[in-house]
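sequence first, then the predicted structure, then my questions.
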Amino acid sequence: MSLDAIGAALLRRLDPETAHGLAIRGLSAGLVRARRLPPDPRLAARLGDLVLPNPLGMAAGFDKNAVAPDGLLALGFGFVEVGTLTPRPQPGNPRPRIFRLPEAGAVINRLGFNNDGHAAALARLEARRGRGGVVGVNVGANKDSTDRPADYVAGIRAFAAVASYFTVNVSSPNTPGLRDLQARDALDELLARALAARDDMVAAVGRRVPVLLKIAPDLTEAGLDDVADVSLARGVDGLIVSNTTLSRVGVSGPVAGEAGGLSGRPLFERSTVVLAKMRRRVGRALPIVGVGGIADGADAVAKIRAGADLVQGYTGFIYAGPAYAADVLAGLSAALDRDGLPSPAALRDLDLDRWADRPIPA
């Protein structure tokens with residue numbers, strides 16, 4: 001067993017939230033390191049005006065407060081998404097609220113947007129300005145907000161100068177009513193206001209910061225139609241598919257009954273089916289970030305073949321440890337070698353129909 005695996009195994013013996021906090025502090029202090037592979041120039045990717053060294057990102061939720069983006073980038077991730085950040089600090093739901101299901105490679109969480117708020121995260125991101133690296137900011141709404149779209153607008157205005165891109169998160173299952181923002185009329189109003197705020201900041205920050213929309217994997221076919229129609233009409237710069245699921249397919253035992261969103265391997269099929277269905281709806285031009293159940297390079301390849309331009313991991317990192325990014329990227333490079341392809345873009349959509357034709361799992 002490698003030292004990386006030993007360290008990850010020791011952390012998994014601790015309470016999940018305690019282990020998470022230690023990992024964040026270790027990454028922030030530069031104490032968590034992993035082997036880095038020589039950069040493979042074939043893996044370079046783009047998102048709007050951003051150039052990424054590779055298509056693998058750390059998903060939002062791991063570094064909620066922008067404490068350790070540089071430590072994560074140093075592990076080999078091509079980009080890091082911090083948040084979800086709300087205007088005011090909030091404690092989230094009562095503990096315990098993270099539950100491991102190691103036999104399934106899964107996690108259930110009901111954190112509920114616990115975070116330090118805009119001001120604290122902004123100070124951290126301003127302090128790292130000039131260090132480079134693609135760091136996106138995932139914005140959300142306070143649980144007790146009376147005008148949730150205004151919270152997203154506040155996030156975009158606050159972070160416009162330091163965010164490589166924004167993610168509008170309407171898909172967490174742990175804030176009551178948040179997923180209602182995916183409904184056609186509510187989403188239309190939200191995106192109109194969020195994108196207008198982004199456009200208002202162009203002169204001040206010198207660029208049009210890409211705005212992505214992150215959706216749930218529990219939408220119906222009609223719900224996917226609504227999201228696709230509104231996203232295209234409003235002109236979002238990309239989609240992230242998907243957040244955690246309320247489904248418990250693929251897990252069992254007493255922990256499986258805990259409330260919250262399920263992530264990890266059991267999410268892979270559902271999120272990949274939804275990804276392919278969204279790719280079919282929005283066409284080839286709109287970037288899609290595939291998330292959900294990526295444990296290794298083969299999973300990343302499958303996401304791209306189903307329609308993803310970029311991918312993100314989180315739960316896979318929890319179980320694999322610091323070597324996760326290097327292992328996933330090695331798998332991507334090996335796939336290009338095997339098929340004689342010049343880049344992951346050449347893999348995209350190769351299995352689109354096979355995934356998009358499947359029903360969304362119950």
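Sure thing, it's come through.

Glu221: how many residues sit nearby?
11 (other C-beta atoms under 10 Å). Just so you know, the C-beta spots here come from the backbone N, C-alpha and C atoms, and that holds for glycine as well.

my bad, Ile294
Neighbour number of Ile294 under other C-beta under 10 Å is 31.

any idea how far Ser271 is from it?
In this view, Ile294 and Ser271 are 9 Å apart by C-beta to C-beta, to the nearest Å.

so who does Gly83 touch?
Applying C-beta atoms under 8 Å, 6 or more residues apart in numbering, we find Gly83 in contact with 60-61, 64, 66, 115, 121, 137-140, 167, 169.

next: Pro53.
By C-beta under 8 Å, 6+ apart, the contact set of Pro53 is 39, 43-44, 78.

run the last query once more with 6 Å
Pro53 sits next to 39, 78 when contact means C-beta atoms under 6 Å, 6 or more residues apart in numbering.

sort out for me which of the contacts of Gly83 are in strands.
Among those, DSSP state E puts 137-139, 167, 169 in strands.

min pLDDT across the residues you listed, which one?
When those are compared by pLDDT, Asn169 scores lowest at 95.

what's around that one, how many residues?
Asn169 is flanked by 29 other residues according to other C-beta under 10 Å.

now do the contacts for it.
Contact analysis of Asn169 by C-beta under 6 Å, 6+ apart lists 84, 138, 140, 214.

among those, pick out the one closest to Pro344, please.
Lys214 (20.8 Å; C-beta to C-beta).

follow-up on the earlier one: out of the ones in strands among the contacts of Gly83, which end up buried?
By neighbour count, with 16 or more other C-beta atoms under 10 Å, the ones in strands among the contacts of Gly83 hold 137-139, 167, 169 as buried.

which residue ranges of the stretch 151-300 of the chain form helices?
Ranges of helices in the stretch 151-300 of the chain, per DSSP state H, counting those that start in this stretch, are 184-200, 202-205, 221-234, 268-282, 297-305.

output those as JSON lines; include the columns mean pLDDT and distance to Asp15.
Converted to JSON lines, the helices of the stretch 151-300 of the chain look like this (pLDDT from 0 to 100; distance: least, C-beta to C-beta, whole Å):
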{"stretch": "helix 184-200", "mean pLDDT": "97", "distance to Asp15": "36"}
{"stretch": "helix 202-205", "mean pLDDT": "97", "distance to Asp15": "40"}
{"stretch": "helix 221-234", "mean pLDDT": "97", "distance to Asp15": "36"}
{"stretch": "helix 268-282", "mean pLDDT": "98", "distance to Asp15": "26"}
{"stretch": "helix 297-305", "mean pLDDT": "98", "distance to Asp15": "28"}
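
which of these sits closest to Leu27?
That would be, of those and by C-beta to C-beta, helix 297-305, which comes in at 21.4 Å.

what's in contact with the closest one?
Residues outside helix 297-305 that contact it (C-beta under 6 Å, 6+ apart) are 290, 294, 311, 328, 331-332, 335, 344, 347-348, 350-351.

now do stretch 222-235
Contacts of stretch 222-235 (C-beta under 6 Å, 6+ apart): 184, 187-188, 191, 195, 213, 215, 277, 281-282.

buried ones in that stretch?
For stretch 222-235, the neighbour count (16+ other C-beta under 10 Å) marks 223-224, 226-228, 230-231, 234 as buried.

can I get those residues in a markdown table including distance to Pro55?
Listed next are the buried residues of stretch 222-235 as a markdown table, based on distance: C-beta to C-beta, whole Å:
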| residue | distance to Pro55 |
| --- | --- |
| Gly223 | 27 |
| Leu224 | 23 |
| Asp226 | 28 |
| Val227 | 23 |
| Ala228 | 22 |
| Val230 | 26 |
| Ser231 | 21 |
| Arg234 | 25 |
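
and which of those residues is nearest to Ala256?
Gly223 (24.8 Å).

the closest one and Gly257, how far apart?
Relative to Gly257, and taking C-beta to C-beta, Gly223 is found at 26 Å.

likewise for Leu31?
36 Å.

sorry, back to before: tell me which two of the buried ones among the ones in strands among the contacts of Gly83 sit farthest apart.
Among those, the pair separated by the greatest distance (C-beta to C-beta) is Val137 and Asn169, at 10.3 Å.

what is the burial count for the residue lying closest to Gly61 once chain neighbours are set aside?
Spatial nearest neighbour of Gly61, chain neighbours left out: Tyr314 (6.0 Å); criterion: C-beta to C-beta, 6 or more residues apart in numbering. When neighbours are defined as other C-beta under 10 Å, Tyr314 has 22 of them.
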